[in-house]
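Chemist: Build the 3D model from these lines:
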Amino acid sequence: MTFILDIIKGMIIGIANVIPGVSGGTMALSLGLYDKIIGSVSNLFKDFKKSLLTLLPILLGCALGIVGFTYAIEYLLSYHTYVTCMTFVGLIFGGIPVLYRSWKEKRDEREGVGISGVLAFVILFLVAVGMPLLNAGGDVMSTIDPTPVTMVILFLVGVIAAATMVVPGVSGSLVLMILGYYYGIINSLKSFFDALQAFDITAMLHLCLVLVPFGIGVLLGIFLIAKLITFLFEQYGVQTYCAIFGLILASPFAIFYNTGLFGQLSSLSAGTLILGVVLALAGGVITYIMGEH
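Modeler: So this is what the prediction gives:
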């Protein structure tokens, strides 16, 4: 029964990792799997068999969740961009109380934010706002050409995305969106599944040149960075949490900018605008309730 439950929980975490703004780490925390995952990853080489058996159902569930939701997320962002993004924004801010409570539990009551904490917040806030502005445009990254240089970049992007997946409150998909690779990865995944159904080996091999370097980066990033994240939380907890808060508060701008919503807001109907606000509130409530249980 535990194996099946972990698969189901893993599916929820996988779906969360596909949605920009929703943190797979926070979802794992809410589902009671975070410490189990971090402990297993950190001790993978010390106790390989036990760690692998612990991670296997979770990873299987994550894979099923990602595969199952890839088509849905592309449709939602293409045809219902505003209401989808507003839901993401609600999901983002609904998770802030969870992070704040976790920060309060781990920090010394006599310890203030300090200059270093303020700097960490400002730097990550500016990075989250600035990266979309440096992006050449969503259309450029809607497809990825697997050149040797691109493959190296995809590997590094995978490592970065993996690092953010480990941190509660930070969305790996959101970071991919900020870096400008979210739509390219999603479209590559969808195209690979289409080619798999059609048994188009040539197309599958071509898409593997995109997905394999990214996947290797993600796997290595999770294993290599888990201990670093643990170290940062233990030794520089205040600064780490401040940096996370900076990234989260700036993330709505990244979502709106990367989806081109800033140029569409004036053309939206009043009903659509209201629906977006309602979905944002609903998303916030859902994330908050999950964080409380």
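Chemist: next one: the helix or strand that contains L133 to chain centre, how far?
Modeler: Taking DSSP states H and E as the definition, one finds L133 inside helix 114-134. In this view, helix 114-134 has its centroid 18 Å away from the chain centroid, taken as Cα atoms, centre = their mean, to the nearest Å.
Chemist: hmm, who's touching that helix?
Modeler: 177-180, 238-247, 249-251, 253-254, 257-258 (Cβ atoms under 8 Å, 6 or more residues apart in numbering). C-beta coordinates here come from the backbone N, C-alpha and C atoms, glycine included.
Chemist: Quick one: residues contacting A270.
Modeler: With the criterion set at Cβ under 8 Å, 6+ apart, A270 makes contact with nothing.
Chemist: Look up the pLDDT of it for me, please.
Modeler: Per-residue confidence at A270 stands at 90 (pLDDT).
Chemist: and what of V277?
Modeler: The predicted structure scores V277 at 93 on the pLDDT scale.
Chemist: if I look at the closest residue to it other than its chain neighbours, how far off is V278?
Modeler: Setting aside the residues directly before and after it, V277 is nearest to M86 in space (Cβ to Cβ, 6 or more residues apart in numbering), at 6.7 Å. The spacing between M86 and V278, counted by Cβ to Cβ, to the nearest Å, is 9 Å.
Chemist: okay, these two: which has more neighbours?
Modeler: The neighbour count for M86 versus V278, taken as other Cβ atoms under 10 Å, is higher for M86 (25 against 14).
Chemist: to the chain's geometric centre, what's the distance from the one helix or strand that one maps to?
Modeler: With the criterion set as DSSP H and E, the secondary-structure element containing M86 is helix 81-94. Between the centre of helix 81-94 and the centre of its chain there are 14 Å (Cα atoms, centre = their mean).
Chemist: Tell me the helices and strands packed up against it.
Modeler: In terms of contact count using 3 or more Cβ pairs under 8 Å, 6 or more residues apart in numbering; DSSP states H and E, helix 81-94 is assigned the packing partners helix 48-79, helix 237-258, helix 270-292.
Chemist: Out of those, which gets nearest to I185?
Modeler: helix 48-79 (9.5 Å; Cβ to Cβ).
Chemist: tell me the mean pLDDT for the closest one?
Modeler: 83.
Chemist: and what of stretch 187-194?
Modeler: The average pLDDT for stretch 187-194 rounds to 87.
Chemist: So for that stretch, what gets flagged as buried?
Modeler: Along stretch 187-194, the positions that meet the burial threshold by neighbour count (16 or more other Cβ atoms under 10 Å) are N187, S188, L189, K190, S191, F192.
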